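Peer 1: Build the 3D model from these lines:
(chains A and B)
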Amino acid sequence: MFDKIAQGSRELEFLSQVARATDRRKFLTWSGVTLAVVATACGDDDDNGTGPVGEVSPPDSTATVPTAVAVGENVNISVQARDADGRPLTSGGAAVAATVEGANPAGPIAATDNGNGTYAITYAAANAGTDTVAVTLNGTAISGSPFTVTISEDAVNLGTGDAGVLNYALALEQLEAAFYTQVVASLYAGATAEETQILTDLRDHEVIHRDFLKAALGDGAIPDLTVDFTSVDFTSRESVLGAAKTFEDLGVSAYNGAGQLLESADFLLLAGKIVSVEARHASAIRDLLNPLSADFAGDDVVDPDTGLDTVNSPADVLTAADPFVTTPIDASGLPTA
Amino acid sequence: MNPNTILGGLDPELTEQVVSRRNAVVRSGKLAGALAIASVPVAFGLFTRKAFAQGTLPGDIVDALNLALTLEYLEDEFYLAGLEADTAGDLDLGDTRTIFEQISKHETAHVALLQGVLATDAVEKPTFDFTAGGTFADVFTNPATFITLAQGFEDTGVRAYKGQAANLMSDDGILTTALRIHSVEARHASVVRRLSQSPAEKGWITLASNTVPALDPVYAGEDLTTQGGVDLTTLGTAEAASEAFDEPLSREDVEAIAGLFIVA
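Peer 2: Take a look at the predicted model:
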């Protein structure tokens, strides 16, 4: 009899562990961030998962936080209060709050107490970027805090055919125009007259390229992309000219690769009119960085054996541009030959 | 005739030759058969396919690439001669030599590449006169003149490749190869332009202007400020609008410019 009861108790405990493991699995699929947290709690469960649930323990309490949310959506955070053994509390009463830093600073935001040991926190993700979310329970950080949430825009689809290729060019011109606009607006100290002239010209050219493509594409033009130049130190000559070199060489290789994707001879000619100007830019920037050297058309970009400039596919170009563009770009509709 | 153009700068006798040569070039574009082309005087066989041993490339590709090859022959020989004159102490390139060595390396590679693509369809190398009959008599003794011609050749090269791109669309590989040469010519043009002094040229072309009047034909039509039906002056200044887009040159205009430096 006693044995049967003990056995039954063990069965119940087993079933309860299975249920927890199932919850845990869901947990894992919801949030990669909490993976380590769950693994830790798991060990505690197996060793100490018996007896009545104890006092709430902030370092053992967990939260489900989405890793990625689209702009304009809400970030919904669910907090589970747990005891020191990682067992969930079933009653409320704790003070739970979140503080958001990054793209959508807010808080502290007080959580809604669901009264069953869980708490809900919600904030609006109005801006694209990265949020760092610190979650506290009774003033102490919970396990895994702070959490990182990436706020991404909806992917911009470049489209298909020649319009898609021109949108691809527009994306690159948007990137370049935004870059030089910021360069000129806060030019690094000590820029020479020649550097100022060149960077200002480049801004004007790229703005015209961007606005021309936008006008030519009309309703078919992609919307403005969100750019991210946090990796560029705009107060540093080396950083600015280094980034300019990257953008110009990338632009040249992109147009060189896009030519064969175009069906229209008129568009091919227009792309040709732009790419040689990008190559002139690349040459000038490279010569500013290393005057009177061979770098204007260096062996790193022009194959010394064939005399051919770099060529890149849209996929490779967009990968290279990705660190500078926050908006996801869907290039799947572009022609491949 | 505008005295500030290349043609206007030449002596009357040479001008007459050049004009007749130019007319012949224009005509040759309308001629169909090898016999008719062979009857055209001076150097026009240089721009056409060999009458025999034709390969498998489409005719319009062969013609476009041979135009390019002719310019590459010209550039290649020009830079090799300049570097040789510098080595001999006749032309002091000073600290610009590294730039011209790099350009020369590319032009030599371009010649080999185009000869390889064209195979038996490749035109033979013309005989060049870089003084253009005496107009640029000090080309290999005066660095300023050498740089001036280098600028003219590179800017012409950019425009020539651009003008031929549409003729290469039937072959993706050849089109891409040509585009990859085209952007290298533009890199060259930019750095050479910036070597010109008083006043310093920009690496890009403002309107149709340049500081060397004799090179005006190279820049004719570069002042376009409307592209694809869009008035670019609504997006920026006319100067910036013209700089932002490079213009093509027709085969005939390229042949006329190159023809100034071709003896036979």
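Peer 1: what's the spacing between residue B:239 and residue B:233?
Peer 2: Distance, residue B:239 to residue B:233, by CB to CB, to the nearest Å: 10 Å. In this view, the C-beta of every residue, glycine as well, is placed from N, C-alpha and C.
Peer 1: Tell me which stretches of the chain form strands.
Peer 2: Since you didn't name a chain, this refers to chain A. Along chain A, counting by DSSP state E, strands occupy A:62-64, A:68-70, A:74-80, A:96-102, A:106-110, A:112-113, A:118-124, A:129-137, A:140-141, A:147-152, A:156-157, A:329-330.
Peer 1: I was after chain B.
Peer 2: Applying DSSP E to chain B gives strands spanning B:226-227, B:230-231.
Peer 1: and the last one, does that touch chain A?
Peer 2: If I follow you right, that is strand B:230-231. Yes. Applying CB under 8 Å from any CB of the partner chain, one finds strand B:230-231 touching chain A at residue B:230.
Peer 1: how about the helices of chain A, start to end?
Peer 2: A:2-30, A:35-48, A:161-185, A:193-217, A:237-258, A:265-289, A:314-321 (DSSP state H).
Peer 1: how about those helices, which one is nearest residue B:195?
Peer 2: Closest to residue B:195 of those is helix A:265-289 (CB to CB; 9.5 Å).
Peer 1: ok so, going back, determine which member of residue B:239 and residue B:233 has the greater number of neighbouring residues.
Peer 2: Regarding residue B:239 and residue B:233, a neighbour count based on other CB atoms under 10 Å in any protein chain shown identifies residue B:239 as having more, with 18 against 15.
Peer 1: pLDDT weak spots in the stretch 101-250 of chain B?
Peer 2: Applying pLDDT under 70 to the stretch 101-250 of chain B picks out residues B:197-200.
Peer 1: Only the buried residues of stretch A:191-209, if you could.
Peer 2: When neighbours are counted by 16 or more other CB atoms under 10 Å in any protein chain shown, the buried residues of stretch A:191-209 are found to be A:191, A:195, A:198-199, A:201-209.
Peer 1: want to throw those into CSV with pLDDT?
Peer 2: Shown next, in CSV, are the buried residues of stretch A:191-209 (pLDDT from 0 to 100):
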residue, pLDDT
A:191, 97
A:195, 96
A:198, 97
A:199, 98
A:201, 98
A:202, 98
A:203, 98
A:204, 98
A:205, 98
A:206, 98
A:207, 98
A:208, 98
A:209, 98
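Peer 1: Could you dump the strands of chain A into a markdown table and include distance to residue B:118?
Peer 2: Listed next are those as a markdown table, based on distance: least, CB to CB, whole Å:
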| stretch | distance to residue B:118 |
| --- | --- |
| strand A:62-64 | 66 |
| strand A:68-70 | 53 |
| strand A:74-80 | 62 |
| strand A:96-102 | 59 |
| strand A:106-110 | 67 |
| strand A:112-113 | 76 |
| strand A:118-124 | 64 |
| strand A:129-137 | 53 |
| strand A:140-141 | 71 |
| strand A:147-152 | 50 |
| strand A:156-157 | 41 |
| strand A:329-330 | 39 |
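Peer 1: Point out the most buried one among those strands.
Peer 2: strand A:62-64 (a mean of 23; mean count of other CB atoms under 10 Å in any protein chain shown).
Peer 1: helices or strands next to the longest helix along chain B in the packing?
Peer 2: Among the segments of chain B that qualify as a helix by DSSP H, the longest is helix B:59-88. Counting contacts by 3 or more CB pairs under 8 Å, 6 or more residues apart in numbering or on different chains; DSSP states H and E, helix B:59-88 packs against helix B:97-118, helix B:143-164, helix B:172-195, helix B:251-259.
Peer 1: so the shortest one versus helix B:143-164, what angle?
Peer 2: If you take axes from the mean of the first three to the mean of the last three CA atoms, to 10 degrees, helix B:251-259 sits at 160 degrees to helix B:143-164.
Peer 1: How far does helix B:251-259 sit from its chain's centre?
Peer 2: In this view, helix B:251-259 has its centroid 8 Å away from the chain centroid, taken as CA atoms, centre = their mean, to the nearest Å.
Peer 1: likewise the third one?
Peer 2: In this view, helix B:172-195 has its centroid 12 Å away from the chain centroid, taken as CA atoms, centre = their mean.
Peer 1: That helix near chain A anywhere?
Peer 2: Yes. Under the criterion of CB under 8 Å from any CB, chain A is reached by helix B:172-195 at B:172, B:175-177, B:179-191, B:194.
Peer 1: Next, work out how far apart the residue nearest to residue B:182 when sequence neighbours are not counted and residue B:226 are.
Peer 2: The shortest distance from residue B:182 to any non-neighbouring residue, by CB to CB, 6 or more residues apart in numbering or on different chains, is to residue B:161 (3.8 Å). Distance, residue B:161 to residue B:226, using CB to CB: 22 Å.
Peer 1: And the two? Which one has more around it.
Peer 2: Using other CB under 10 Å, the more surrounded residue of residue B:161 and residue B:226 is residue B:161, with 28 against 11.
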